[in-house]
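> structure for the following, please:
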Amino acid sequence: MELTIEGVIKRINAPTTSPKGFRKCEVHIEETEGDYPNVWKVDFVKDDVDEAASLAPGQKVSMKCDLTGREWKNNEGQIIVFTSIKMWKYEVIEESIKEQVIAKAAANPTASDDGLPF
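A predicted model of the protein is given here:
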């Protein structure tokens, strides 16, 4: 199932590699529309793990993802359902607020820099 998520990157976890060589990086996306914000864990897998390194917290992104799920029966016979959101395409919609402030300050240097914040 295809899913599009728009939100702000809240955090990017360190990439992990399983003993069999499977690579994964979790990126947490926060959607702040509405009364209750949502945070989703989006997985960057295999070669896309390197793409996660180009992102930064605070960026607004749109991600095309696959929503997948599977069942697993544990040793006690209980069935557990796992779901995952795997990114396959993303676009940075807006750079972070911090980067915007830095860029604006660089473009408009003050006449005198006496170290005072006002």
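> would you mind measuring from the residue nearest the centre of the chain to Gly69?
Most central residue of the chain, judged by C-alpha distance to the mean C-alpha position with C-alpha atoms, centre = their mean, is Val27 at 3.4 Å. According to C-beta to C-beta, to the nearest Å, Val27 and Gly69 sit 19 Å apart. All C-beta spots, glycine's among them, are computed from the backbone N, C-alpha and C.
> then Gln78?
Taking C-beta to C-beta, one finds Gln78 at 16 Å from Gly69.
> and stretch 65-81, which residues are buried?
For stretch 65-81, the neighbour count (16 or more other C-beta atoms under 10 Å) marks Cys65 as buried.
> what's the offset of that stretch from the middle of its chain?
24 Å (C-alpha atoms, centre = their mean, to the nearest Å).
> mean confidence for that stretch?
Across stretch 65-81, pLDDT averages out at 96.
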